[in-house]
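> Below is the sequence, then the predicted model.
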Amino acid sequence: MLAVSAQASIPAAESYDDTDVLLTITDTMAAASYNTFEDDVESRVRELITLHRETDDPRFLGYAKSALQNSEESGTSEDLIVLSAIVDQSLHDFDSARTKLTDIVASSESKATYLQALTVLINLEIVSGRYEKAGQLCAQLSETDHPYIRANCQAQIKALTGDPERGYQTLSSRAQRMPATHPYAVFIQNTLGDIASQAGLPDAPTHYSRALAIDPTDLYARTALADWHLESGNFDRVESLTRQYDDVDRLAVLRAIAQKRQGLTQTNLMETLKQRFDEAAWRDSSLHSRDLARYLLDVSDAPQAALTFAYNNWADQKELIDTRLLIRAAKAASDEAITEEVTAWMENQGQHDHQIKDVL
């Protein structure tokens, strides 16, 4: 799920647990976190990746990138190369991430490093819409040694290439035997939520809620659940899920959309988001193009501008949420050429999505 983002995040490693404490990150805390593991680059970078996943604050990616660049080991340590690829993916440098991960998968003699590189690479290919390649990589996973990871991968690909109901049933059956303490429990619950949403099944919010119950810091599950309630008109639930997250663009945008749909046209949050996105556009930052496109389409009523950002985002990221957004923006902007391009791509993949059938 997430460049690490977008799709639900694959755990960066199985050797540490995410904290259950929700953090409000200040500049002082960020600096303190950066210096926590001064003598251990790998631990420091892992912690910074975790902090980024819990806060969506891109500064932590910058700190991680700097730490890797300043480390003499970063070009030789396989674990650091994998972490560098995770940072690259989070920064939307997919080509660099793909090259590093492919090299590790081909050459690593460490089972743990190989597995981590392979699972991250599979996620990257799925996010990029390269399903055939993802399937080939998925086949390298051992059913005996990695049954849950393999089942998750197979279900995602099956759902995205024509049979979400079958993918859901198979993965749901496997997940019932999975302990909540398993490192991939959150990831699999999020996958089940995504497939249920795609297939139009009523179980999507149940799975996202289970993911949040296991890890309250998981922004992917929180965002997906808030978005589901938004589209269901449950604005009170949107408010409760997003209220303390105005610094997280994707959650703040959902809250602003809920405000707009309740008849509010100018709120402090809407003004804050406008200033934030204006600054991002001035910096030419593409990290949150999806969030900006959603804001422009559903809050600012600027479909043509939304289409530009949604299309640029879709060039790299082809998760369901990206495709849905692009089609909605193209329809709102009356751009039949882009609508036809995206629907032709979906047909070529065999992909269908209950969430956009009413838009097409």
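Ah, there it is. Residues are numbered from 1 along each chain as shown.
> Go through the lengthiest helix in the chain and flag the buried ones.
In the chain, assigned by DSSP state H, the helix with the most residues is helix 111-127. For helix 111-127, the neighbour count (16 or more other Cβ atoms under 10 Å) marks 113-127 as buried. (C-beta placed from N, C-alpha, C; glycine too.)
> Please apply the same query to stretch 155-163.
155-161, 163.
> hmm, back to that, for the longest helix of the chain, what does the pLDDT average out to?
The average of the pLDDT scores along helix 111-127 is 97.
> which other helices and strands contact that helix?
helix 78-90, helix 94-107, helix 131-138, helix 147-160 (3 or more Cβ pairs under 8 Å, 6 or more residues apart in numbering; DSSP states H and E).
> Dump the ones you listed into CSV; add mean pLDDT and distance to Ala344 as well.
Formatted as CSV, the helices and strands packed on helix 111-127 follow (pLDDT from 0 to 100; distance: least, Cβ to Cβ, whole Å):
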stretch, mean pLDDT, distance to Ala344
helix 78-90, 96, 27
helix 94-107, 97, 22
helix 131-138, 97, 16
helix 147-160, 96, 16
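> Next, format the ones you listed as CSV and append distance to Lys260.
Supplementary listing: the helices and strands packed on helix 111-127 in CSV, determined by distance: least, Cβ to Cβ, whole Å:
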stretch, distance to Lys260
helix 78-90, 29
helix 94-107, 32
helix 131-138, 35
helix 147-160, 31
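> so which of the ones you listed comes closest to Asn268?
Nearest to Asn268, of all the helices and strands packed on helix 111-127, is helix 78-90, at 29.2 Å by Cβ to Cβ.
> What lies in contact with the closest one?
2-5, 12, 41-42, 45-46, 49, 52, 61, 64-65, 68, 71, 73-75, 94, 96-98, 100-101, 103-104, 108, 110, 113, 116-117, 120, 124 (Cβ atoms under 8 Å, 6 or more residues apart in numbering).
> can you count the residues close to the closest residue to Ser96 other than its chain neighbours?
Closest residue to Ser96 apart from its sequence neighbours, by Cβ to Cβ, 6 or more residues apart in numbering: Asp88 at 4.5 Å. Residues lying near Asp88 (other Cβ atoms under 10 Å) number 23.
> Kindly provide the distance from Asp88 to Gly200.
Distance, Asp88 to Gly200, using Cβ to Cβ, to the nearest Å: 35 Å.
> and if you look at Leu137?
Leu137 is 29 Å from Gly200, by Cβ to Cβ.
> Pick out whichever of the two has more residues nearby.
The residue with more neighbours, out of Leu137 and Gly200, is Leu137; 21 against 13, by other Cβ under 10 Å.
> which residue packs closest to the more buried one, ignoring adjacent ones?
Ile122 is the one closest to Leu137 (Cβ to Cβ, 6+ apart), at 4.8 Å.
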